[in-house]
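Q: this one's sequence-less:
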């Protein structure tokens, strides 16, 4: 199954309210991940009010939330048992709408001798950027964005509202608005939308930002706050991150330069037993390194 960006959402077309047993079985509908999105995806407007009673799903909304959160618990645990290749690319967009400069850093996820997980970049980036720079510190900052913010232990911290059904490529999904009930200065919370597959009851897409008591949190010094992230079915059953994109602009002496950040997770492979992170090094919500 491919999760194309044929159905995509942009910040200008949606309102995100700023404030941000055993699990059910994970059965996916197809084995492959998302393809490269088209340059001009169709704009889909998301409802900003809870769905009417006639639009309610056949399963109780609270039960859907409980089940996708239980799967987030399981996915956060499984994510730590996989190695993968991660690529981060920064693009500057010219006046013609085409990429005028870019830099890319790739690397694999490794486990240190202390049992902690960290990225291992491969080589130095070849940059043709004219205004910005993609540094390893940026990659470290991006790695700290939690991959699974809606694990069951975090549910009480969020207000989750059902918005309705929406097709997402070959999938049929339930859309939920997520916003934090209370903000903190030292911790960022997710604020945005999630898409839950109506067959697996697993989160297959997220769109939103991270907010704190002092405002929007940025993943790095780069001008990106809102991320649109798709997941793919790994081993034909585990919905793990595959593609994330964020668009922003850089102020060059009063002139706005459009910039884009693209992150890909590829080549998922189960880690051998002697390479698994220790239990003490695995956080409750995976950071996605």
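A: Received, thanks. Since this is a predicted model, take the numbers as computed values, not measurements.

Q: low-confidence regions, the stretch 101-250 of the chain specifically.
A: 109-125 (pLDDT under 70).

Q: which residues of it fall in helices?
A: Assigned by DSSP state H, counting those that start in this stretch, the stretch 101-250 of the chain shows helices spanning 136-143.

Q: show me where it has strands.
A: In the stretch 101-250 of the chain, the strands defined using DSSP state E, counting those that start in this stretch lie at 117-121, 158-168, 171-180, 189-197, 203-212, 215-217, 227-234, 238-252.

Q: now render those strands as CSV, adding distance to residue 104 and mean neighbour count.
A: All C-beta spots, glycine's among them, are computed from the backbone N, C-alpha and C. Output for the strands of the stretch 101-250 of the chain, formatted as CSV (distance: least, CB to CB, whole Å; neighbours: other CB atoms under 10 Å):
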stretch, distance to residue 104, mean neighbour count
strand 117-121, 11, 17
strand 158-168, 27, 17
strand 171-180, 29, 21
strand 189-197, 26, 24
strand 203-212, 23, 23
strand 215-217, 24, 14
strand 227-234, 18, 23
strand 238-252, 14, 19
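
Q: would a markdown table of the ones you listed with distance to residue 102 be doable?
A: Shown next, in a markdown table, are the strands of the stretch 101-250 of the chain (distance: least, CB to CB, whole Å):
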| stretch | distance to residue 102 |
| --- | --- |
| strand 117-121 | 16 |
| strand 158-168 | 28 |
| strand 171-180 | 31 |
| strand 189-197 | 26 |
| strand 203-212 | 23 |
| strand 215-217 | 25 |
| strand 227-234 | 18 |
| strand 238-252 | 14 |
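
Q: of those strands, which approaches residue 61 most closely?
A: Residue 61 lies closest to strand 158-168 among these, at 4.6 Å (CB to CB).

Q: gap between that closest one and the chain center?
A: Using CA atoms, centre = their mean, to the nearest Å, the mean C-alpha position of strand 158-168 is found 16 Å from that of the whole chain.

Q: direction included, what does that strand pair against?
A: Strand 158-168 pairs in its sheet with strand 171-180 (antiparallel), by DSSP bridges.

Q: residue 129 is nearest to which of the strands of the stretch 101-250 of the chain?
A: Closest among the strands of the stretch 101-250 of the chain, using CB to CB: strand 238-252, at 9.9 Å.

Q: stretch 78-98: which residues count as buried?
A: 78-80, 82-84, 86, 88-93 (16 or more other CB atoms under 10 Å).

Q: just how off-centre is the strand or helix carrying residue 265 within its chain?
A: Using DSSP states H and E, residue 265 sits within strand 255-270. For strand 255-270, the separation from the chain centroid amounts to 11 Å (computed by CA atoms, centre = their mean).

Q: pull out the buried positions in it.
A: Buried residues in strand 255-270 (16+ other CB under 10 Å): 257, 259-265, 268.

Q: please apply the same query to stretch 142-154.
A: Buried residues in stretch 142-154 (16+ other CB under 10 Å): 142-143, 145-152, 154.

Q: what's the farthest-apart pair in the residues you listed?
A: 142 and 152 (25.4 Å).

Q: follow-up on the earlier one: quick one: closest of the strands of the stretch 101-250 of the chain to residue 65.
A: strand 158-168 (5.6 Å).

Q: taking strand 203-212 as reference, get the angle to the closest one.
A: 140 degrees (axes from the mean of the first three to the mean of the last three CA atoms, to 10 degrees).

Q: name the residues that touch stretch 127-137?
A: Applying CB atoms under 8 Å, 6 or more residues apart in numbering, the contact partners of stretch 127-137 are 88, 90, 92, 100-105, 121, 125, 220-222, 250, 252, 257, 259.
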